[in-house]
Structures are given as structure tokens and as C-alpha cells.
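[1] please find the sequence and the predicted model below.
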Amino acid sequence: MKHIRIISPSGAIEKSYIEQARERLEGWGFQVSIGKHAFGACGRFAGTPEERLADLNEAFADASVDVILCSRGGYGLQQIVDKIVLPTRPKSEWPLVVGFSDITALHAVMSLHGVPSLHASMCKALATLSEDAPQVLLMREALEKGKEFQHFSTSHFDGKKIIGGNLSVLYGLQGTPYSLNAVIDKLEEAPVLLIEDICERHYHVDRMLNNLRMSGVFGRLSGVIVGQFTDCDDDSLMGCTVQDSVNQVFAGYDYPIVFDAPYGHVDENEPILFCGNQAE
């Protein structure tokens, strides 16, 4: 029986979402445990940095844990991501990290070490969406198959390694050991970059994209998946739409770009496997 550990490494979450997610996961046949501080609250965070880090490190250290399901995003991982103690056992035995949004920082750590991770919905979706919702069915399949999960909404990038996540978090990791360039340095071939975001001003989206462009990231890719930019409204003073800003920054790069993909802060958020070099 696959063991899923639910932890809250970032923002505080309503207790009922974790409890209902646990009930659904157990109904699917998974063994579920919950981190000691998963229900915690310290301002906007699910506990102090020390508490959240302790749950994360304990989940990595426990060899019986197959999946680390982050309860929600929010903000908080950048306070602790450089203090994570990763397993010493073979990478093929590391747990599958699951989540999105602020969990992008944790995906970056996994990709740096060549360990697959799952960009996917978290406890609120598992607690509130109907059992027969397509994304819930996909989530169940992804958790059952783990690192062997193959679903992807477009065939443009079959066989390609996919990295990335939330644009704001990726931007915040620039200049750190967990930056996109640092991740790409570890890969044997040019990856596909997935980006999504929520509640960012148009000019800030443009700023972040141009930062990645000037840092050389976009010249090292084999493709781009543009997910949902939820509640990122067009700014008339920019003289274009948000999508135009995305189009402009990728102009001149000779690789496929998929727009309006079902990834991000929407109910239709589908699971997609991020993967660096195959873990040994």
C-alpha cells in the first residue's frame, strides 16, 4: 500500500481540507499520515519556519513515505528551502513531491537532483471537487502511477523533460542555487519550461519574463508551456494584452509554445510530471 504523507511547508490551510483529502485518499486505497505541524498557523504560515522544516525533513527521512503531498501553496518555502535535509538513500527511493504554486521551490530542488516530482493540485481540490471530475480522476491516476505517470495534454513534447512552475516563485529563485539556469545546468538536454501565475499585475509579469530572458533561460529551452495566468488582468497602459507580452518575450525562439494549457490556479489544473535526469 502506497504511503502518502501530507505536510504544510508553506501557507496555513483550513483543517477540514486536509481531513477531507485524507478521507478521499484512504478511500482510494492509500495509507495516509499527516505531519505534526500540518494544521499549524503562524500568521499566514502553517507554523514557524522551524516547524514547517521539521515536517518536511521528517517526511524525507522516513523511508516508508512514497509521496509527500503538500497541503497548499501560499508562501513560505523560500524561508526554508535551503535548509532541507535530503535523503541519503538512492534517489530512486526518494518520495514523489506533489504540489504547485509556492511548491515550485521544492520542485526546483527535486529537479536539481534529477528526481521526478508532480506539479498537481493539493488538498483543497481533493477535498472539494467531485469524485468524477476529470482532474480528480487524473490526480488519482498520477498518485497511483507515481514516477511512471505519463499523462500530458499535448503531444508536442513527448519524451521531453519538463521543469518550472509558478513564474513569481521562479523569478524569486533567480540568483540562488535553485534558479532555472542551475536546474538546466544539471540536465543532459534542453528542457521544456512550464509557467503559470495568479494575481500578478501585467507589468510585473512582463518584468519577470524579461528577467528570465536576459538571464539566458529562454535560449536554453526546447519548448514552453504557458499555463493559466489567473486574475492577471490586461493593463491598457502596457499597450497590449498579457498574452501579447508572453508572445513578445518568446519571439525569435525556434521551439514550440503551447498556450492556455490546463495548469495553474484553476479547477482544471491537471497533474504533470516534472523530471530532471532519471534518478539512479
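    Looks like it arrived, so ask away.
[2] make it CA atoms for all contacts and neighbour counts henceforth
    Noted.
[3] is it true that Val246 touches Asp206?
    Yes. Using Cα atoms under 8 Å, Val246 makes contact with Asp206 at a distance of 7.5 Å.
[4] which of those two has more neighbours?
    Asp206 (19 against 16; other Cα atoms under 10 Å).
[5] name the nearest residue to the more buried one, sequence neighbours excluded.
    Distances taken as Cα to Cα, 6 or more residues apart in numbering place Ser245 nearest to Asp206, at 6.1 Å, with adjacent residues excluded.
[6] distance of the one you found from Tyr203?
    9 Å (Cα to Cα, to the nearest Å).
[7] downstream of whichever strand or helix holds Val246, the next helix or strand is which one?
    Following DSSP states H and E, the helix or strand that holds Val246 is helix 242-250. Per DSSP H and E, the first helix or strand lying C-terminal to helix 242-250 is strand 257-258.
[8] ok, back up a step: show me what the helix holding Val246 is packed up against.
    Helices and strands touching helix 242-250, as assessed by 3 or more Cα pairs under 8 Å, 6 or more residues apart in numbering; DSSP states H and E, comprise helix 202-214.
[9] okay, the angle between the helix it packs on and helix 242-250?
    20 degrees (axes from the mean of the first three to the mean of the last three Cα atoms, to 10 degrees).
[10] how far does helix 202-214 sit from its chain's centre?
    Relative to its chain's centre, helix 202-214 lies at 20 Å (Cα atoms, centre = their mean, to the nearest Å).
[11] so what does that helix touch, helix or strand wise?
    Using 3+ Cα pairs under 8 Å, 6+ apart, helix 202-214 sits against helix 167-172, helix 242-250.
[12] now it: mean pLDDT?
    Confidence for helix 202-214, expressed as mean pLDDT, is 98.
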